[in-house]
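In: what's the 3D shape of this:
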Amino acid sequence: YLELGEYDKSIEHAKNALNIDSEYHDAKYNLALSLFEKKDYTESLSIAKNLINVKSHKAKAYELKIRIEQLICDWSSYENTNELLSKNKIIVHPFLHISHVMDNEKNQINAKSWANQLASNKRDNSFPRPKSKIKLGFLCGEIRNHPTYYLIRNLFKHIDKEIFSVFMFSYNHNQTEKNEIVQYFTDFVDLDDLDDNDANKCLSDYSLDILIDLTTIISHNRQSILNDNSAKFIISYLAFPGTTGSNLYDFMLTDDTVTPETQQNYFEEKFLFLPNTYQVNNGEANITEITTREIFNLPADGVILGSLNQSFKLDPIMFDIWLQILQKHNNTYLWLLDENEEMKKNINAFVGDRVDLNRIIYAKRLDYPEHLSRIQHTDIALDTRIYNGHTTSIEMIQSGIPLVTLKGNHFASRVSASILETLKIDELITTNLDDYKETISNLVENKTMRNEIKNTMRVQLKESNLLDIKLFAESFQKTILKIFT
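Out: From the prediction side, this is the model:
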């Protein structure tokens, strides 16, 4: 039932099993996973902590514990977790590792262990460019209300159909989003009803020259349908900002800011550098303010410091910096995304009496158009430290909001810098916590400076390459064509 997504039935059966044998650890773990999927984080976390003491389930339980603590901003064991991960004492899903450890080499050690691939055994795939149209496939599980879809949806129509026959292999999609893009593909293939073997055969039957996996190893992926027969070349792109640890992927699409060439040894995938930021966007500015602050529970006056990132990206070190800024500037408010009740409870406890809790404002999840409307009320966007805003960052920038980022040491912590460099707004990129805090404070204190940067951003949104989706598509094509000998 757990694999089928029938979590209520899974919970019922796990509890029944535990009534018979209270030490049935598989049932405990399945119960914890099902409760996690039902967003009962408190109970799931309690079970995970208990299972850490069981040798056979320690690794899995630790991984679940870390994931939950991220989501609910429970930072009580943050330092201990970071030490375990940074010293590679436990192996976790690579997503958890890159969101704790800002080190590509250590991320790779974890990812290869997680992928069960300590020995790199790349296939020898040297192919000339086909004389006919190149068969280009995309594998994606996010053609729905998902950040990946909002980033990439406008790329497909600009891919040159004289050069490429373009195929989408999709699962978990919504019909509305599918209808928006289906016309741009030679074939839109629904994999939902195919098991792994049939899906693998389906891919192989298309004899693809290139397959770009837009999901790779994030949640609900279908990496298991891929093998050497899936395409001549398999490329990782967009979803996961790090090495998958797998020799399945020949290349990854990237740029020389997020992954300088000196870091190639720490990635299983060969770098394919795009000339500007690697991160595609929809090519549209979002600078028409048509709503009022009050609609979104924001004060009419005061400086709104917004970080509408998912809660797993928050960490106590950066949050402490934010609180220092709030303490220094009484006219500021911190605007966060409301992820769950436990998250808010833990954040409020962390804040304590350092600032008035009324100055911490939580934004409910909204439909995408409403979300784009509300973010325009942000005065200064605060980027997160270890795992930057990715979609959130480009949304803020497209809205002309000054985004202050701290350029880190691994892929996930350099994405916002990559976007700002393409926009040619380097003054919002900082390299240490003191400069980060000072830059934000200067913008809070100096409204004239804030407005000047906003005006510059609006000019650059028109004049830079950042929102030129046609140019991005041309660069995208030229870059992937380099893989042919």
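In: just the C-alpha atoms of the lowest-mean-pLDDT helix or strand in the chain, please, in PDB.
Out: Lowest by mean pLDDT, DSSP states H and E among the helices and strands of the chain is helix 368-374, with a mean of 93. The C-alpha coordinates for helix 368-374 follow below in PDB (Å, rounded to 0.1, in the frame of the first residue of the first chain):
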ATOM      1  CA  TYR A 368       1.100  30.200  -9.000                       C
ATOM      2  CA  PRO A 369      -0.300  33.400 -10.500                       C
ATOM      3  CA  GLU A 370      -1.300  34.700  -7.000                       C
ATOM      4  CA  HIS A 371       2.200  33.800  -5.700                       C
ATOM      5  CA  LEU A 372       3.800  35.800  -8.500                       C
ATOM      6  CA  SER A 373       1.600  38.700  -7.600                       C
ATOM      7  CA  ARG A 374       2.400  38.700  -3.900                       C
END
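In: ok, for Leu226, nearest residue in space, not its chain neighbours?
Out: Leu248 (5.7 Å; CB to CB, 6 or more residues apart in numbering). From N, CA and C alone the C-beta is placed, and that goes for glycine too.
In: hang on, the one you found packs against Ser224?
Out: No. Taking CB atoms under 8 Å as the definition, Leu248 is not a contact partner of Ser224, at 10.2 Å.
In: in terms of neighbours, single out the busier of the two.
Out: Each of Leu248 and Ser224 has its neighbours counted (other CB atoms under 10 Å); Leu248 has more, 22 against 11.
In: would you say the more buried one is within a strand?
Out: No. According to DSSP: H, G, I helix; E, B strand; the rest coil, Leu248 belongs to no strand; its state is coil.
In: ok, it - contacts?
Out: Gln223, Leu226, Asn227, Ile234 (CB atoms under 8 Å, 6 or more residues apart in numbering).
In: and Leu336, by the same measure?
Out: Per CB under 8 Å, 6+ apart, neighbours of Leu336: Ser307, Leu308, Leu314, Ile347, Ile360, Ile361, Tyr362, Ala363.
In: how many residues are close by the closest residue to the third one other than its chain neighbours?
Out: Taking CB to CB, 6+ apart as the measure, Leu314 lies nearest to Cys73, with 5.6 Å between them; neighbours along the chain are not counted. By the measure other CB under 10 Å, the count of residues near Cys73 is 25.
In: now the one 4 residues further on
Out: Using other CB under 10 Å, Ser77 has 14 other residues around it.
In: then Asp383?
Out: Asp383: 27 neighbours (other CB under 10 Å).
In: how near is it to Glu421?
Out: 14 Å (CB to CB, to the nearest Å).
In: average pLDDT across the helix or strand in which Ser113 is found?
Out: If you go by DSSP states H and E, Ser113 is part of helix 104-114. Mean pLDDT, helix 104-114: 97.
In: and it, which residues are buried?
Out: Asn104, Lys106, Asn107, Gln108, Ile109, Asn110, Ala111, Lys112, Ser113, Trp114 (16 or more other CB atoms under 10 Å).
In: output the residues you listed as JSON lines; include the columns distance to Tyr149.
Out: Output for the buried residues of helix 104-114, formatted as JSON lines (distance: CB to CB, whole Å):
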{"residue": "Asn104", "distance to Tyr149": "27"}
{"residue": "Lys106", "distance to Tyr149": "31"}
{"residue": "Asn107", "distance to Tyr149": "26"}
{"residue": "Gln108", "distance to Tyr149": "29"}
{"residue": "Ile109", "distance to Tyr149": "32"}
{"residue": "Asn110", "distance to Tyr149": "28"}
{"residue": "Ala111", "distance to Tyr149": "25"}
{"residue": "Lys112", "distance to Tyr149": "30"}
{"residue": "Ser113", "distance to Tyr149": "31"}
{"residue": "Trp114", "distance to Tyr149": "26"}
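In: show me what contacts Asn50?
Out: Lys28, Ala61.
In: and it, its phi and psi?
Out: Note on Asn50: backbone dihedrals following degrees, to the nearest 10 are phi -70, psi -40.
In: check the one 3 residues further on too.
Out: Backbone dihedrals for Asn53, given as degrees, to the nearest 10, come out at phi -80, psi 0.
In: so how many other residues sit close to Asn179?
Out: What Asn179 shows, counting by other CB under 10 Å, is a neighbour count of 10.
In: and it, helix, strand or coil?
Out: Here Asn179 is recorded as helix under three-state DSSP.
In: can you tell me how far it sits from Ser399?
Out: Taking CB to CB, one finds Asn179 at 27 Å from Ser399.
In: show me the shaky parts of the stretch 1-150 of the chain.
Out: Within the stretch 1-150 of the chain, the ranges that satisfy pLDDT under 70 run 117-122.
In: which residues in the stretch 251-400 of the chain form strands?
Out: Secondary structure of the stretch 251-400 of the chain (DSSP state E, counting those that start in this stretch): strands at 251-254, 270-273, 303-307, 332-337, 360-363, 380-382.
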